[in-house]
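>>> below is the sequence, then the predicted model.
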Amino acid sequence: MSDLPLVAVVGNPNAGKSALFNVLTGARQKVGNYPGVTVERHVGRLIAADGQAIELIDLPGTYSLDPTSPDEAVTRDVLLGKQKGERLPQALLIVLDASNLDNHLRFALQLIDLGLPTVVALNMVDLAKRDGLELDAARLERELGVPVVETVAVRKRGIADLTARIQELLTGPRLIRAGDGPIHDSLELQRRAREIAMAAIVSETPVRRLTHRLDGLLLHPVAGPLILAAILFVMFQAVFSWSAPPADWLEAQTLAVGQWIAAALPDGLLKSLIVDGIFAGVGAVIVFLPQILILFLFILVLESSGYMVRAAFLMDRLMSHAGLSGRAFIPLLSSFACAVPGIMATRTISDPKDRLTTILVAPLMTCSARLPVYTLIIGAFIPARDAFPGVGLQGLVLFGLYLAGIVGALLAALVLRRTVVKGGGGAFMMELPKYQMPRIADIAIGLWQRALIFLKRAGTIIMATTVVLWAFASFPQAGPGQKQSDVSIAGHIADGIHTVVAPIGFNKDISLALLPAMAAREVAVAAIGTVYSLDAEDEAQAKTLEQRMAGRWSLATALAFLAWFVFAPQCISTIAVTRRETNGWKWPAFMVGYLFVLAYAAAGVTYWTAVAFGLG
Amino acid sequence: MSEPLITLDKLRRGIRARVESVDWAILEEADRIRLRQFGFDEGVTVEQMHQGPFGADPVAIKVGRMTVAIRRSHARAIKVSTAA
């Protein structure tokens, strides 16, 4: 743990806290988890004008020190010095939205009461001015008794001044006591906050804000849901079509490097390990980086613009039929990128049953690790032509798979709510923040962090699994006239699995891929890649994985495999995070069980139907 | 002149009203905390801005300078008067 001075960045949700944190720390930040809980811990370094380094910690936004969700509990615990694995901050940076003072000041007063050295950033003053709100920062400073700095995080205004003030706070005597917790009664605080807001607001002309006009359209009972559906459709089409050029380029690069290494190394096990094991495996996964980044790009933009909460608003009623609330929409949508952060995001749901149900169905949302599998199969078996003018058939199939995941999740939630997670109506209360132009640098930082996480997975879990798999698939070595995939250890394990999955149309290649796919779904692709390159005769070397598969699998088998992966038993990371979030093995075990049954049934029904239509 | 009290879920769109009382007792603890945090309190001005597309639920209520989405079932705990 570093011994740099620690300053906590706190404030209401939507006060522009994270944007300010990003401006102050730039690329010098790390995302981790608190030990024992899965609330993300964003820490970054602020370098003052004289070169001094200060550690900033970005705490989850909350409305008060009385938590109603696990996320908010972390904020309180850090501020009171009760959070395991976290030092008591030496100073606070409170972020206020200048145009929402009356609401935000109440929390600020509660925070100032903690007695830590504090500076207030009066953020987004430009938007407040545009709304016709004139503020008296000096008056606010007098009323609050702590320095107030006007900032516009997105334009980097007031940042130097703010940095200097933070540094000043740290030169004072160090506070070592933990705070005593909130002192004021909430209604008293509320009134005091309103008084101060009244005093600090010099003039106010009511202006119909852009947000209200936009909401008139985006929350319109008819236009709103149509626009949401259109956004989601564009998102999934983009994932498929925009990613093609960079993915092709990446594929060519890995292939070139692999061939170069193959030419440089003498024949033998080492060459096989590097070319067939590492390059065929990890390479097959790396090419999906563009798709994953495009998906995250959409999610980050929707989130930072303020639209995501509107989506939750539009979806609340529908989700309530499935026993969920609109609040679950955001974790479920982020589960499209990955179920792990999605399950972590359920910490903002206060109702425990609502939250548990969301966790249990989150793995059904089509996470980006399924993309490599979907893309490979679609690429090999679905022709690249238009289904309708301008709508690609491949994209449409992908959209259908996503839809199947969503419908599956809603049905599963409905059933779960009537059986194992009974009771509790759930609630839906959310602030609709004003719309904002997402800041490119914030999006870039978010994407960079996601790319790092993906590459780290590719470099560790996926690489390790591929190497183990390569070893299992390479030994014992095949004699003349024998096929490597028949004699190897992996081949024998696959035979065992095959007896179970043969009725639903799975061939031996798939049986072999199922086990390592538990480590990480994208490994299924790597596994098939490794097996084929070990089996390949010389003249087949030049063929792509897709071409090889198209020759060996029936369409019915391919479709059954897709159906399996819609429900597929989740990866180990998801099981681990579920265990941590639900405090035990009961729910993760239940989740694995019910998903296995669903996947098996879905693949079976798909296969038998396809065979009946003559596609076997 | 005093207008009769109505519950917030009955407030029509675009009409400003004043919160007269909140029946905290019928709310669950977490919902109670949340509503207070959003500033629902006697004397504040509220206005219904939007309704959900399905069954006109939830509703978006403007409280002070903030817009908050709540379900009709919770809005029913808040009594408002529309006297200007």
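Alright, I've got the coordinates.
>>> roughly how far does residue A:196 sit from chain B?
14 Å (Cβ to the nearest Cβ, to the nearest Å). Heads up, the C-betas are built off the backbone N, CA and C, glycines and all.
>>> my error: substitute residue A:524 in the last question.
With Cβ to the nearest Cβ as the criterion, residue A:524 and chain B are 38 Å apart.
>>> so who does that residue touch?
A:372, A:373, A:513, A:514, A:516, A:517, A:565 (Cβ atoms under 8 Å, 6 or more residues apart in numbering or on different chains).
>>> can you pull the residues of chain B lying near chain A?
Residues of chain B lying close to chain A (Cβ under 8 Å from any Cβ of the partner chain) are B:28, B:30-31, B:33-39, B:41, B:49-58, B:60, B:63-71, B:73-74.
>>> filter the contacts of residue A:524 by proximity to chain B?
Counting by Cβ under 8 Å from any Cβ, no member of those is near chain B.
>>> scan those and report the most crowded one.
residue A:517 (27 neighbours; other Cβ atoms under 10 Å in any protein chain shown).
>>> what degree of burial does residue 29 show, as a neighbour count?
All of this refers to chain A. Neighbours of residue A:29 (other Cβ under 10 Å): 20.
>>> hmm, I had chain B in mind actually
11.
>>> what sits against residue 76?
Let's take chain A. Going by Cβ under 8 Å, 6+ apart, residue A:76 touches A:62, A:65, A:66, A:67, A:82.
>>> right idea, wrong chain: chain B
Contacts of residue B:76 by Cβ under 8 Å, 6+ apart are B:7, B:8, B:9.
>>> now it: phi and psi?
phi -70, psi -20 (degrees, to the nearest 10).
>>> same thing with residue A:113?
phi -60, psi -20.
>>> check it and give its pLDDT.
Residue A:113 is assigned a predicted lDDT (pLDDT) of 86.
>>> and the gap between it and residue A:200?
19 Å (Cβ to Cβ, to the nearest Å).
>>> do the same with residue A:448
When residue A:448 is compared with residue A:200 (using Cβ to Cβ), they lie 38 Å apart.
>>> between the two, who's got more neighbours?
The neighbour count for residue A:448 versus residue A:200, taken as other Cβ under 10 Å, is higher for residue A:200 (24 against 13).
>>> make sure residue A:499 is indeed in a helix.
Yes. Looking at residue A:499 with DSSP: H, G, I helix; E, B strand; the rest coil, it is inside a helix.
>>> burial count for it?
Residue A:499, neighbours per other Cβ under 10 Å, totals 9.
>>> where exactly do the helices run in chain B?
B:29-37, B:72-75 (DSSP state H).
>>> run through who's touching the longest one.
Outside helix B:29-37, the residues within contact range by Cβ under 8 Å, 6+ apart are A:63-64, A:66, A:68, A:106, A:186-187, A:190, A:350-351, A:427, A:429, B:22, B:24, B:27, B:70, B:74, B:77-78.
>>> of the residues you listed, buried ones?
Buried members of the contacts of helix B:29-37, counted by 16 or more other Cβ atoms under 10 Å in any protein chain shown: A:63-64, A:66, A:68, A:106, A:186, A:190, A:350-351, A:427, A:429, B:22, B:27, B:70, B:74, B:77-78.
>>> residue B:65 contacts residue A:104, doesn't it?
No. Here residue B:65 does not reach residue A:104: they are 9.5 Å apart, not a contact under Cβ atoms under 8 Å.
>>> let me see the contact set for residue 56.
Just going to use chain A. A:6, A:7, A:8, A:9, A:21, A:24, A:25, A:43, A:44, A:45, A:46, A:93 are the contacts of residue A:56 under Cβ under 8 Å, 6+ apart.
>>> the intended chain is chain B.
A:221, B:72.
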